[in-house]
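Asker: Quick check, what structure comes out for this input:
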Amino acid sequence: MTDKPTTSSTAASDDAVPTIATSSTPDPFAPRPVTPLRQRMIEDMAARMLNAATQRGYVRGCKRFAAFLKRSPETATVEDVRLFQLHLVDAGASICTRNQTMVGLGFLFRVTLRRPDLADAVYYLREPRKVPLVMSPVEVRCLLAAARTIKARLALSLAYGCGLRAGEVVRIKVCDVDSAQMIIRIVQAKGRKDRHVMLSPDTLALMRAYWPERSTRFDDGVAPDQRWLFPGYFRHRPMTPRQLNRLFHEAADAACIKKGVTLHTLRHSCATHLLERGLDIRLIQALLGHEKLDTTAHYTRVATGTIAAIESPLDQLTKTKPRRKRKPKSGTDEQGE
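Answerer: Numbers count the residues shown, from 1 in each chain. Predicted coordinates for the structure are as follows:
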């Protein structure tokens, strides 16, 4: 009788043991090392106190240029910059995206690499100015009434009633609201400027009604006056502009507003409605935080109420004016006598 071959227990155990990754196995979740060039650029941006969003945009543009070159931007030539700009056009990049990309590259060439020849090769396209979309007062009223929560209604009321940007709404703190003077302080808005906007009695009443319902789970360890008016999902962070945009579109859908409005449309509508009411354009400029008056004057093109009140010259043609009687000349009267 032939004996069956015995299987080694050691061999069986070896087959059952899975292979354990050694330290030489790359970790796909490990953060990628920062190149010396990117580190220098980040330090240059931090030294000039550029905000985080601007820094991310600049780095994103430089990464796109490096992917096009397939080598370090330090070795770029003027011809490379020219071909990259043609590549952006051929790729169908919008004028806004293209200009944002080239702004980041301009900073890299001018500041970090100190290559004025490359910086001079960067050019920007002028984006055609379109008439901003504006909602009527009736549409704004329906939008605010359609907000699902008092939090959403308050945030959208601030965007329209004060002419605020999305980022300005979500960054309001309790200490920024001055109910005694009926103003709200907007801290370090676009262009690193502070400004004041009006606080309407209706908005203040809405704030007081919202306060008992406000989430307090992240208020521990934060001074009462330093708490966010709209706290977010993470500790010490406010609600994000994306979340506010979602609340806006939910209200717009519920109000059956079909035209392509965005949250920024409320800011456009605020400026236009103030202009139609006859408010001085320089006051509107201060409220909106525009650096140039030309930017505010752009809203005169969409002030439909003001435009509709203008009398057409065609109406003057149809109006009959009474004919004046001609006075007889004194010399003629004397001759007749």
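
Asker: Give me the distance between the strand or helix carrying L37 and the centre of its chain.
Answerer: Counting by DSSP states H and E, the element that carries L37 is helix 36-47. Centre-to-centre, helix 36-47 and its host chain are 25 Å apart (CA atoms, centre = their mean, to the nearest Å).

Asker: Not counting it itself, show me its contacts.
Answerer: With contact meaning CB atoms under 8 Å, 6 or more residues apart in numbering, helix 36-47 is reached by 34, 54-55, 58-59, 62, 72-74, 107-108, 111-112. (Glycine included, C-beta is placed from N, CA and C.)

Asker: Make TSV out of those residues and add secondary structure and pLDDT.
Answerer: Converted to TSV, the contacts of helix 36-47 look like this (DSSP: H, G, I helix; E, B strand; the rest coil; pLDDT from 0 to 100):
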residue	secondary structure	pLDDT
V34	coil	81
T54	helix	90
Q55	helix	92
Y58	helix	95
V59	helix	94
C62	helix	95
S72	coil	93
P73	helix	93
E74	helix	93
F107	helix	96
L108	helix	95
V111	helix	95
T112	helix	95
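
Asker: Go through these and say which is closest to R153.
Answerer: T54 (31.8 Å; CB to CB).

Asker: nearest residue to the closest one other than its sequence neighbours?
Answerer: Closest residue to T54 apart from its sequence neighbours, by CB to CB, 6 or more residues apart in numbering: M45 at 7.3 Å.

Asker: Tell me the spacing between that neighbour and Y58.
Answerer: Distance of M45 to Y58, computed by CB to CB, to the nearest Å: 6 Å.

Asker: cool, and P132?
Answerer: In terms of CB to CB, P132 sits 27 Å off from Y58.

Asker: which of those two has more neighbours?
Answerer: Legend: neighbour count by other CB atoms under 10 Å for P132 and Y58, higher for Y58 (24 against 16).

Asker: Now for the closest residue to that one other than its chain neighbours: which residues touch it?
Answerer: Distance criterion CB to CB, 6+ apart; nearest residue to Y58, sequence neighbours excluded, is G104 at 3.6 Å. Contacts here follow CB under 8 Å, 6+ apart; on that basis G104 touches 57-62.

Asker: Select only the buried ones of those in PyMOL?
Answerer: Per 16 or more other CB atoms under 10 Å, the buried members of the contacts of G104 correspond to this PyMOL selection:
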select buried, resi 57+58+59+61+62
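
Asker: Now flag whichever of the contacts of G104 is closest to V197.
Answerer: G57 (26.8 Å).

Asker: follow-up on the earlier one: CA-only coordinates of the helix holding L37 in CSV, if you can.
Answerer: Taking Å, rounded to 0.1, in the frame of the first residue of the first chain, the C-alpha atoms of helix 36-47 are listed here in CSV:
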residue,chain,number,x,y,z
PRO,A,36,11.5,73.1,-3.6
LEU,A,37,10.1,75.4,-6.3
ARG,A,38,6.5,75.1,-5.0
GLN,A,39,7.8,75.6,-1.4
ARG,A,40,9.5,78.9,-2.5
MET,A,41,6.4,80.1,-4.2
ILE,A,42,4.2,79.3,-1.2
GLU,A,43,6.6,81.2,1.0
ASP,A,44,6.6,84.2,-1.4
MET,A,45,2.8,84.2,-1.4
ALA,A,46,2.7,83.9,2.4
ALA,A,47,5.1,86.8,2.7
